[in-house]
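1. show me the folded form of this:
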Amino acid sequence: MRQQEQSRVRAWFEETYSKRGVGYLRPESAYPIYLQLLGARAGQHLLDVGSGPGQLLKAAVHRGLTATGVDLSSTAIGIAKGRVPQAVSIVGNAETLAFADDTFDFVTCIGSLERMLDRKKVLAEMRRVAKPGARMCFLVRNREHATWRLWHRGLGQRNEQAHQDALALEEWLDLFASCGLEVERVLPDQWPRQRLRRWVGRKTTPGVDEPVHEGRFPVRWALEFLLLVRTRER
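-> All right, here's what the predicted structure looks like:
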């Protein structure tokens, strides 16, 4: 049963990336801010879990990082290898990462964690391959946001194949704490404000001097949460 569910998730992403490619995701300029928030520097090692066609990998390589991506979709990985040949991109399941302990300075997972079947196992694997004191960055959905509640509860729409299973903020925080990970900072998704700045012509260098938006309203109301996380000593 579980293998069938995993196969459905994989098939959905294979079809989506085959049809839409990088058009399924935000533009490249939306991704460098994650590296800015992590304080990533040239020569450090980054693992992007759920790396898709390599949007964040491209930003990491441009910044001088040694970048590795893993994704369930062979189609996405094929695109990433063509777009970012300097990065290592492999097909794999986040529940069983094919890397040694204490390998990476940073681990990122942007818009993918709520789509994974066993999140505790995934987080345990991320913690295992991250160095002690490593920093992580996650972008996750908020199931309590008004539009999410309308879509799922009011209209009864749910993408089972992509396994979109969001949590409320407190539930996300509890999940990370239960996996030995410390959430240092919670921000709203930065993309809406990034996009607005570009529309009005305000110049910033992506991932270098971008203003960090704290939000005008309580962060628990955000559509998506940006979580900055640190590993604890094992």
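2. after the lowest-mean-pLDDT helix or strand in the chain, which helix or strand is next? Please name it.
-> Counting by mean pLDDT, DSSP states H and E, the chain has its least confident helix or strand at helix 146-149, which shows a mean of 68. Going down the chain from helix 146-149, the next helix or strand is helix 169-178, by DSSP states H and E.
3. chain center to that next one: distance?
-> 16 Å (C-alpha atoms, centre = their mean, to the nearest Å).
4. now the helices for this structure?
-> Applying DSSP state H to the chain gives helices spanning 2-20, 32-38, 55-62, 74-83, 119-129, 146-149, 169-178, 191-199.
5. closest to residue 106 out of those helices?
-> helix 32-38 (5.3 Å; C-beta to C-beta). Backbone N, C-alpha and C define where each C-beta goes, glycine included.
6. please name every helix or strand in contact with that closest one.
-> Counting contacts by 3 or more C-beta pairs under 8 Å, 6 or more residues apart in numbering; DSSP states H and E, helix 32-38 is packed against helix 55-62, strand 104-110, strand 130-141, strand 224-231.
7. residues touching that helix, excluding its own?
-> Here helix 32-38 makes contact (C-beta atoms under 8 Å, 6 or more residues apart in numbering) with 46, 56, 59-60, 62-63, 65, 106, 108, 110, 135, 137, 139, 187, 190, 194, 206-208, 210, 212, 226, 228.
8. quick one: buried ones out of those residues?
-> For the contacts of helix 32-38, a burial check counting by 16 or more other C-beta atoms under 10 Å picks out 46, 56, 59-60, 62-63, 65, 106, 108, 110, 135, 137, 139, 187, 190, 194, 206-207, 210, 226, 228.
9. out of the helices of the chain, which comes closest to residue 218?
-> From those, taking C-beta to C-beta, the stretch that ends up closest is helix 169-178, at 9.3 Å.
10. quick check: angle from the closest one to helix 119-129?
-> 50 degrees (axes from the mean of the first three to the mean of the last three C-alpha atoms, to 10 degrees).
11. show me the contact partners of helix 169-178.
-> Residues contacting helix 169-178 (C-beta under 8 Å, 6+ apart): 119-120, 123, 140, 142, 144, 167, 182-183, 186, 219-220, 225, 227, 229.
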